[in-house]
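In: need a structure here:
(one chain, ligands or ions: 2)
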Amino acid sequence: MPPVQVVIGIVVERGRVLITRRHDDGRHLAGFWEFPGGKVEPGESLEDALRRELAEELDIKVSVRSTLQASTHDYPSATVVLHPFICDLSAGDPKPLASQEFRWVTLTELPDYQFPPANAAWLKSLADHLPQATT
Ligand SMILES: Nc1nc2c([nH]c(=O)n2[C@@H]2O[C@H](COP(=O)(O)OP(=O)(O)OP(=O)(O)O)[C@@H](O)[C@H]2O)c(=O)[nH]1
Ligand SMILES: [Mg+2]
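Out: Numbers count the residues shown, from 1 in each chain. Ligands and ions are numbered 1, 2, ... in the order given. Below you'll find the predicted structure:
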């Protein structure tokens, strides 16, 4: 199987980042915290996929500031390539349309949340890539 291409948005607002909690549905990574996003559809650009996912999952619009280097992770079920985008919130108040809940957290608080193993590659160095002190 070819790797699954996944776009994720690290939405920054007033020194906090937006995280969402996956449903406790017994599926892959149930109950984990993550950054909103999802699988890129055929024929879609990464940025189009990001806008679609953030609209579908949270009803927000974002503007992209920068990208982090893509990272690859082998899950038992599939290989996933994560494409993280650092974004500003440009319109809308987030609503948890596809998750149990969402939170705005500081980088200091992030280690208190359980993220998928694929995020470990860049999560610790996230501060180096954010626009302002997010602590
Ligand atoms: N959204 C998101 N996905 C992540 C993160 N980290 C990570 O490993 N993934 C992987 O990316 C995969 C696809 O993302 P997703 O489950 O959000 O996909 P989706 O929105 O298209 O949902 P669907 O598969 O229910 O239609 C996840 O199953 C998981 O393996 C993350 O921080 N955010
Ligand atoms: Mg998703």
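In: Just want the most central residue of the protein.
Out: Per Cα atoms, centre = their mean, the C-alpha nearest to the average position across the chain is that of Phe35, at 2.4 Å.
In: Look up which residues are beta-bridged to the closest residue to that one other than its chain neighbours.
Out: Residue nearest to Phe35 in three dimensions, not counting chain neighbours: Ile8, with 4.2 Å by Cβ to Cβ, 6 or more residues apart in numbering. For the C-beta atoms, the positions are set from N, CA and C on the backbone; glycine is no exception. Note on Ile8: beta-bridge partners by DSSP bridges are Gly37, Pro84.
In: Was I right to think Ile8 contacts Leu46?
Out: No - Ile8 is not in contact with Leu46 according to Cβ atoms under 8 Å; the separation is 10.4 Å.
In: Comparing these two, which residue is more hemmed in?
Out: The neighbour comparison of Ile8 against Leu46 (other Cβ atoms under 10 Å) goes to Ile8, with 21 against 15.
In: quick one: pLDDT of that one?
Out: Confidence at Ile8, expressed as pLDDT, is 98.
In: List the contacts of it.
Out: When contacts are counted by Cβ atoms under 8 Å, 6 or more residues apart in numbering, Ile8 touches 34-37, 50, 82-85.
In: about what we covered before: joint contacts of Ile8 and Leu46?
Out: 83, 85.
In: just to revisit the earlier point, show the pLDDT at the residue nearest to the centre of the chain.
Out: On pLDDT, Phe35 comes in at 98.
In: Make sure it is actually in contact with Pro84.
Out: Yes - with contact defined as Cβ under 8 Å, Phe35 and Pro84 form a contacting pair (7.1 Å).
In: any common contacting residues for these two?
Out: 8-10.
In: Now those residues in CSV, please, with extra columns for distance to Lys95.
Out: Shown next, in CSV, are the shared contacts of Phe35 and Pro84 (distance: Cβ to Cβ, whole Å):
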residue, distance to Lys95
Ile8, 18
Gly9, 15
Ile10, 19
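In: Spell out which parts of the chain neighbour ligand 1.
Out: Contact residues, the chain versus ligand 1 (Cβ under 6 Å from any ligand atom): 6, 8, 28-29, 34-35, 37-39, 53, 75, 80, 82, 116, 118-119.
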